[in-house]
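Novice: no sequence on this one, just coordinates:
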């Protein structure tokens, strides 16, 4: 990098991931990482199943070995 410490991130709408498995998250992370994306902003809403998907996303990122980052964005309702 150029030493600027800037990251590239993409918003991932957790509300659209109801059928996702950890492997689906891993695939998305691999594709994003290959495209030069450093992180996902996980847009979450109030569905009861979404916290489990957030856990799956973080688990997949940790297992990816890429240093891929994630953070929560509370604006998907």
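Specialist: Here it is on my side, so go on. These numbers were taken from a predicted model, which means no experiment stands behind them.
Novice: List the residues that contact the residue lying closest to residue 26 once chain neighbours are set aside.
Specialist: Spatially, and ignoring its direct neighbours in sequence, residue 26 is nearest to residue 60 (4.3 Å; C-beta to C-beta, 6 or more residues apart in numbering). In short, each C-beta sits where N, CA and C put it, glycine included. When contacts are counted by C-beta atoms under 8 Å, 6 or more residues apart in numbering, residue 60 is found next to 22-23, 25-26, 29.
Novice: so what pLDDT did residue 60 get?
Specialist: As predicted, residue 60 sits at a pLDDT of 98.
Novice: Repeat that for residue 1.
Specialist: 51.
Novice: tell me which element the residue positioned nearest the centre of the chain falls in.
Specialist: For the chain, residue 40 is the residue whose C-alpha lies nearest the centre (C-alpha atoms, centre = their mean; 3.9 Å). With secondary structure defined by DSSP states H and E, residue 40 is part of strand 39-43.
Novice: For that strand, the averaged confidence score.
Specialist: Per-residue scores along strand 39-43 average to 97.
Novice: do stretch 18-35 as well
Specialist: 98.
Novice: Which parts of it count as buried, going by neighbours?
Specialist: By 16 or more other C-beta atoms under 10 Å, the buried positions in stretch 18-35 come out as 20, 25-26, 28-29, 32-33.
Novice: Identify the residues contacting it?
Specialist: By C-beta under 8 Å, 6+ apart, the list of residues contacting stretch 18-35 from outside reads 10, 12, 17, 40, 47, 49, 53, 56-57, 59-61, 63-64, 66, 68.
Novice: what about 7 Å?
Specialist: For stretch 18-35, contacts defined as C-beta atoms under 7 Å, 6 or more residues apart in numbering pick out 10, 12, 40, 49, 53, 56-57, 59-61, 63-64, 66, 68.
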